[in-house]
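Trainee: The sequence and its predicted three-dimensional model are supplied below.
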Amino acid sequence: MDKRFIFDYDRHGGQYASHRRTDARIARYVHDALGAAATVLNVGAGAGSYEPADRYVIALEPSAAMRAQRPVDLPPALIGAAESLPLDDKSVDAAMAMVTIHHWKDLQKGLLEMKSVARQRVVIMTFDGDALDSFWNAEYFREVVETERRRYPKIDWIMSSLGGNCSITAIPIPLDCVDGFQEAFYGRPEAFLDREVRRAQSAWGFFSDAEQEMMVSRLADDLHSGAWDSKYGHLRTQPFFTGALRLITAFV
């Protein structure tokens, strides 16, 4: 991972859980992918999004700020990183990683560690960098999208690293999605004018406040003039949007 694009959650992730929450409709895909797994390791667990409530979960998270935001009804997270999992080989049924692998310092080592500790499967939710242009933010926030593209590993490379026996699902995103990643606001563009919303999307953290304001000002102008709605207004009522969100399941 290029150190220029490692986001510091201890410095900038203090309000993450306010805007990034489990969306039940996306969670169904994750939980179905876990299959019959009764014991699950959640790597890069953050504030606990998408952890199944009906399984025994071990959460692992390196950031103190993120561990502190875990709801009281979830198990506390252990301190640790993907590259050195504190579990024996084949000690859990499944290992999951939810929109975290682009933050890891050694992605291949982390993936191999997950494969090593899992008896049945590895489940990874990430974004396909090659599909980011399907979302209109590529027109307004090109610099942010290009930063994201450099951070997300290629889907084929992920599957190859996990051994190739994988399935992949493009996850449809609901219009009122409560997990505030960028595509969650495909039909609610005004959200990007809110600095707190942007703070919960790590790619914005690589740009100064002035640079961010310059980018969002064009969107604000087009919302005011009606230009955005003229081109993309149909998205305000479109119930689902299938963009770059992907779920990879590797059978080990």
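Mentor: Looks like it came in fine.

Trainee: hey, let's count contacts and neighbours off CA atoms from now on
Mentor: Noted.

Trainee: if I look at residue 97, how far off is residue 29?
Mentor: Shown here: residue 97 relative to residue 29, a distance of 14 Å by Cα to Cα, to the nearest Å.

Trainee: neighbours around residue 172, how many?
Mentor: The number of residues packed near residue 172 is 18, by other Cα atoms under 10 Å.

Trainee: what sits up against the host helix or strand of residue 169?
Mentor: Residue 169 is part of strand 166-170 when elements are defined by DSSP states H and E. Residues external to strand 166-170 that are found in contact with it (Cα atoms under 8 Å, 6 or more residues apart in numbering): 159, 242-251.

Trainee: So which of those residues are in helices?
Mentor: Counted as lying in helices by DSSP state H, out of those, are residue 159.

Trainee: ok, the contacts of strand 166-170 vs residue 109, which is closest?
Mentor: Proximity to residue 109 was ranked across those by Cα to Cα; first place goes to residue 159, at 13.7 Å.

Trainee: buried sites along the strand holding residue 169?
Mentor: Taking 16 or more other Cα atoms under 10 Å as the basis for neighbour counts, the residues of strand 166-170 that come out buried are 166, 170.

Trainee: Residue 32: how many residues sit nearby?
Mentor: For residue 32, the number of neighbouring residues by other Cα under 10 Å comes to 10.

Trainee: do the same with the one 4 residues further on
Mentor: With neighbours defined by other Cα under 10 Å, the count for residue 36 comes to 13.

Trainee: Quickly note the distance from it to residue 92.
Mentor: 12 Å.

Trainee: which residue ranges form the helices in the protein?
Mentor: For the chain, the helices defined by DSSP H occupy 9-12, 16-19, 24-33, 64-67, 107-117, 137-140, 142-151, 155-161, 195-199, 209-225, 227-232.

Trainee: Confidence-wise, which of the ones you listed is weakest overall?
Mentor: Taking each of those in turn, the one with the lowest mean pLDDT is helix 9-12, at a mean of 48.

Trainee: Compute the distance between residue 140 and residue 20, please.
Mentor: Relative to residue 20, residue 140 is positioned 22 Å away (Cα to Cα).

Trainee: which of these two has more neighbours?
Mentor: Neighbours around residue 140 and residue 20, counted as other Cα under 10 Å, are more numerous at residue 20. The numbers are 19 against 15.

Trainee: Model confidence score at residue 7, please.
Mentor: You'll see residue 7 listed with a pLDDT of 49.

Trainee: I misspoke; the intended subject was residue 15.
Mentor: Confidence score, pLDDT, at residue 15: 60.
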